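**Student:** Okay, predicted coordinates and the sequence, questions at the end:
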Amino acid sequence: MSSPSLLYSAAQVRALDAHAIATGTPGYTLMKRAGEAALRVLRSRWPTAMRILIAAGSGNNGGDGYVLARFAQAAGLSATVLALTPADRLQGDARNAHDDFKASGGQVQSFGSDALAKADVIVDALLGTGLGSAVRAPFIDAIQAINASGRPVFALDLPSGLNADSGAAMGIAVRADCTISFVALKTGLFLGEGPDYTGRLLFDDLEVSPPDEPRFRAVLERMSDADIATALPPRKRVANKGDFGRVLIVGGGAGMPGAVRLAGEACLRVGAGLVTVATARENLPAIAAGRPELILHPVNGADDLQQPLDAATVVAIGPGMGRTAWARGLLDRVLASGKPLVIDADALNLLAERWLAAPRGSVLTPHPGEAARLLRQSTAAVQADRVSALRQLCDRHPGAIVVLKGAGTLIGVVDAADNAQDGGAGDPIYALCERGNPAMATAGMGDVLTGAIAGILGQCHDPWLAARAGVMAHALAGDDIARDRQRGVLALELAEAINRFVNLRR
């Protein structure tokens, strides 16, 4: 049971089902394959389980449950279906699955919460991917009972109540210990609350492969440590520091040395050759005392920025910068420079205030609040549909790479010029970082990411690769630090730890 890297929408998966059926694979055959795959997982994960209760709804998800019940019974297990939908309301393959289970001597009862306590494993086959609105009765009561049962829960295709696209719980959702997804992985298993409800995720394609057609172009691609190796290949023996980028980090308003110090530290740790921090004069002693390898440049105004700006090959702007007239002057000078840019923090807020588009080739790194300001909508709206928010940000800043930070960081780009020529298929598939953890929800983590992306960009000269590698190394370092704790992780610890993950070799 492989775990593919590409993720699809619920509509695409339904279209894949329909395509497989139209090209010669009967729907009931797919259902039986799903039942066989589910039984393999059930026997492997709970090898001593004998009494299986399958909570079944209507539609194909319920049909999968009836097939699993029949196969489990044939394998010597006690399998009972607790039905929320009467048999006379089942249609098509789901009705066939019900009838075959009954014909084999299977037991079907109306759903009752009292029966759940007797189960070794409860199988969730209630709603599947077709849910488009809030869960309604009687499914609300059934999901509440399953979650309160204290028994292991195995979800078929998708935990019932979870939005297959956004990963939002639609009022309520089954909390599964294990989920097996069929045909193609759905984005909702990885976004939003999806991972919290899914438990361990397994996959079976049911011998269905997406055809090479635009309508089956994946929504997201899961990232891996291969992204780091791609952006940062082994160095040549004769290399020198000038080969690995001259990065300028601009920020740190008066009395705000910490953010630029963190960004500078991370930039050095990922391998940038030379790193200069341009900041308010009063910040210099604190930064120099903590990291003498950083070159420091005092900036009273935009004119003071010109010399280090001319020398730089990459510029990161925003950490600790503030939104003063001083900050606006620095941003205007940097935007006019034509240099490869990483734009973060208050630089993003200033873009939002003036409704400016970032230069093509820039990397923007908004957290949800900054994304909301860039889109002039609420943070809740951004979080409710992060893929849609990413798409809007990319449309608003064509040719720029957008890193939408948060649980399940997303990376995207839209190149309007290329899309006009090739019918919309020219941009990379949006990327998803599954790694990272709640211990990273602390001050300064975004500054570390900004420095990491800028430092990698100075080495690989490709903003798409740099964004992916920086996000992945940052997340891996965070996971490594948080192995034994969920609180109290410091951004400086991560800035130091990230060095290990830019030196991975496959």
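**Tutor:** Here it is on my side, so go on.

**Student:** Could you use CA atoms for every contact and neighbour count after this?
**Tutor:** Noted.

**Student:** quick one: buried residues of stretch 117-130?
**Tutor:** 117, 119-130 (16 or more other C-alpha atoms under 10 Å).

**Student:** End to end on it, go ahead and measure it.
**Tutor:** This stretch, stretch 117-130, spans 28 Å end to end (C-alpha to C-alpha, to the nearest Å).

**Student:** Show the average pLDDT along it.
**Tutor:** Mean pLDDT, computed over stretch 117-130, is 93.

**Student:** what residue is smack in the middle of the protein?
**Tutor:** residue 408 (2.9 Å; C-alpha atoms, centre = their mean).

**Student:** ok, that residue touching residue 193?
**Tutor:** No: between residue 408 and residue 193 there is no contact under C-alpha atoms under 8 Å: 9.9 Å.

**Student:** for the stretch 251-400 of the chain, which spans come out with low pLDDT?
**Tutor:** Nowhere does the stretch 251-400 of the chain drop to pLDDT under 70.

**Student:** Spell out the residue ranges of the strands in it.
**Tutor:** With DSSP state E, counting those that start in this stretch as the criterion, the stretch 251-400 of the chain has strands at 274-279, 295-298, 314-317, 341-343, 363-364.

**Student:** Export those strands to CSV and append columns for distance to residue 43 and mean neighbour count.
**Tutor:** As requested, those are exported to CSV (distance: least, C-alpha to C-alpha, whole Å; neighbours: other C-alpha atoms under 10 Å):
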stretch, distance to residue 43, mean neighbour count
strand 274-279, 56, 26
strand 295-298, 60, 18
strand 314-317, 53, 29
strand 341-343, 50, 28
strand 363-364, 47, 28
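
**Student:** May I see those strands organised as a markdown table, with distance to residue 429 added?
**Tutor:** Below are the strands of the stretch 251-400 of the chain laid out as a markdown table (distance: least, C-alpha to C-alpha, whole Å):
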| stretch | distance to residue 429 |
| --- | --- |
| strand 274-279 | 32 |
| strand 295-298 | 37 |
| strand 314-317 | 25 |
| strand 341-343 | 21 |
| strand 363-364 | 16 |
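
**Student:** Quick one, which of those gets closest to residue 222.
**Tutor:** strand 363-364 (19.3 Å; C-alpha to C-alpha).

**Student:** can you list contacts of the closest one?
**Tutor:** 341, 342, 343, 344, 348, 400, 401, 402, 403, 463, 467 (C-alpha atoms under 8 Å, 6 or more residues apart in numbering).

**Student:** I figured the third one was touching residue 314, is that so?
**Tutor:** This means residue 343. No: look at residue 343 against residue 314 with C-alpha under 8 Å: they stay out of range, at 11.1 Å.

**Student:** how near is the residue nearest to residue 295 when sequence neighbours are not counted to residue 404?
**Tutor:** Distance criterion C-alpha to C-alpha, 6 or more residues apart in numbering; nearest residue to residue 295, sequence neighbours excluded, is residue 276 at 4.4 Å. Residue 276 is 26 Å from residue 404, where distance means C-alpha to C-alpha.

**Student:** go on, residue 110?
**Tutor:** 45 Å.

**Student:** What is the neighbour count of the closest residue in space to residue 51 that isn't next to it in sequence?
**Tutor:** The shortest distance from residue 51 to any residue other than its chain neighbours is 4.8 Å, reached at residue 78 (C-alpha to C-alpha, 6+ apart). Neighbour count for residue 78, taken as other C-alpha atoms under 10 Å: 19.

**Student:** Residue 78 against residue 70, yeah?
**Tutor:** No: Residue 78 is beyond contact range of residue 70, at 9.8 Å (criterion: C-alpha under 8 Å).

**Student:** For the contacts of strand 363-364, work out which two are farthest apart.
**Tutor:** Of all the pairs that those form, the one spanning the most space (C-alpha to C-alpha) is 348 and 463, at 17.3 Å.

**Student:** Identify whichever of the strands of the stretch 251-400 of the chain lies nearest to residue 181.
**Tutor:** strand 363-364 (33.3 Å).

**Student:** Parallel or antiparallel, which strands does the closest one pair with?
**Tutor:** strand 341-343 (parallel), strand 401-404 (parallel) (DSSP bridges).

**Student:** Please convert the ones you listed to CSV, extending it with distance to residue 169.
**Tutor:** Below are the strands paired with strand 363-364 laid out as CSV (distance: least, C-alpha to C-alpha, whole Å):
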stretch, distance to residue 169
strand 341-343, 33
strand 401-404, 21
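
**Student:** For residue 212, which of the ones you listed is the nearest?
**Tutor:** Using C-alpha to C-alpha, these put strand 401-404 closest to residue 212, at 25.6 Å.

**Student:** coming back round to it: dump the residue contacts of the residue nearest to the centre of the chain.
**Tutor:** Contacts of residue 408 by C-alpha under 8 Å, 6+ apart are 190, 191, 192, 432, 433, 434, 435, 436.

**Student:** rerun at 10 Å
**Tutor:** Contacts were defined as C-alpha atoms under 10 Å, 6 or more residues apart in numbering; by that measure residue 408 touches 190-193, 195, 222, 386, 431-437, 475.

**Student:** From residue 190, how far out is it?
**Tutor:** From residue 408 to residue 190 the distance is 7 Å (C-alpha to C-alpha).
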